[in-house]
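In: Sequence first, predicted coordinates after that:
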Amino acid sequence: VTASTIKDDKQVLANLRKLKKQISDERIKIKRELSQSADEFDKYIKDTSEPMDKVIDKIASDVKEFEEHQKAVRLDAVKNYIAKKAGEYMLDHRLFDEKALGYIKASDFMTDGFTLKKVTMKSLDDMVTFEYQKQQEYEKEKATISGQCAEYGMTDQPYIRMLQSMSLADVMQQIMSDYLFEQEKKKIRQAEAEREQLLAIQRAKEEQAQNRQDLPQIDPETGEILDGGQLSQNEHDT
């Protein structure tokens, strides 16, 4: 099977399959009419049609092999075109490997089987351009998120990852929400710290007051220890 014979080869294959069906139909008809054993008749038909079966299988295999080869040639042509176009935008051409499979139909190429049609090239150009614009927009969105996080003193990586499933507006709203939440938590922690500080000062004052009460009272003139706030009963000579 070659590019120049594929059309005729398919027609031969179709004719042979049609003939095979006619023989099979005739076999069923004759089988009912003949008086000989059905098993003997089946064996006769199978033996006589075996060469035809081999020819059918061979041609079908060659047709399939040729068409698979043509698909591989067309896929290479598409990937080469994409690689060249992606290089103009500094994009990794492997981003388009899966999408390239959608452009390997025979209708996407000229009659020679490997030259892309203009409409196909235009479609591939648009695909690469759209991916470039999408990445440019993504970089801008990342910069916006990083700038906002830097202003708030927050880490930007978790929010950049959110862009995979959320819009920029939703991510920015999440940043604001998280920032306000952290500010509220900060106020609560600060208030708690101030309360603990006031309690500590109050406890310190209470301990100082208690310590002063426990110390003995001294008469500043005589140096005697006061008992219950009164001088001791010891008399002193003048």
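Out: In hand now; what should we look at?
In: pLDDT below threshold where in the chain?
Out: For the chain, residues meeting the criterion pLDDT under 70 lie at 35-36, 38, 212-238.
In: which residue is nearest the centroid of it?
Out: When CA atoms, centre = their mean is applied to the chain, the residue found nearest the centroid is Gln164 (7.4 Å).
In: contacting residues for Tyr81?
Out: Applying CB atoms under 8 Å, 6 or more residues apart in numbering, we find Tyr81 in contact with 116, 121, 124. Using the backbone N, CA and C atoms, a C-beta is placed for each residue, glycine as well.
In: Next up, phi/psi of it, please.
Out: Main-chain dihedrals, Tyr81, degrees, to the nearest 10: phi -60, psi -40.
In: any idea how far Ser123 is from it?
Out: For Tyr81, the distance to Ser123 (CB to CB, to the nearest Å) stands at 11 Å.
In: same thing with Lys84?
Out: 15 Å.
In: Let's verify the residue nearest to the centre of the chain: helix, strand, or coil?
Out: On the three-state scheme (DSSP: H, G, I helix; E, B strand; the rest coil), Gln164 is labelled coil.
In: what's it sitting at in phi/psi?
Out: According to degrees, to the nearest 10, Gln164 has phi -70, psi -20.
In: now it: how far from Leu19?
Out: Distance from Gln164 to Leu19, by CB to CB: 59 Å.
In: same question, Glu131
Out: Distance from Glu131 to Leu19, by CB to CB: 52 Å.
In: Between these two, point out the one with more neighbours.
Out: A count of neighbours by other CB atoms under 10 Å puts Glu131 above the other of Glu131 and Leu19, at 17 against 13.
In: Need the phi and psi values for that one.
Out: According to degrees, to the nearest 10, Glu131 has phi -60, psi -40.
In: what about the strands in the protein?
Out: 217-218, 225-226 (DSSP state E).
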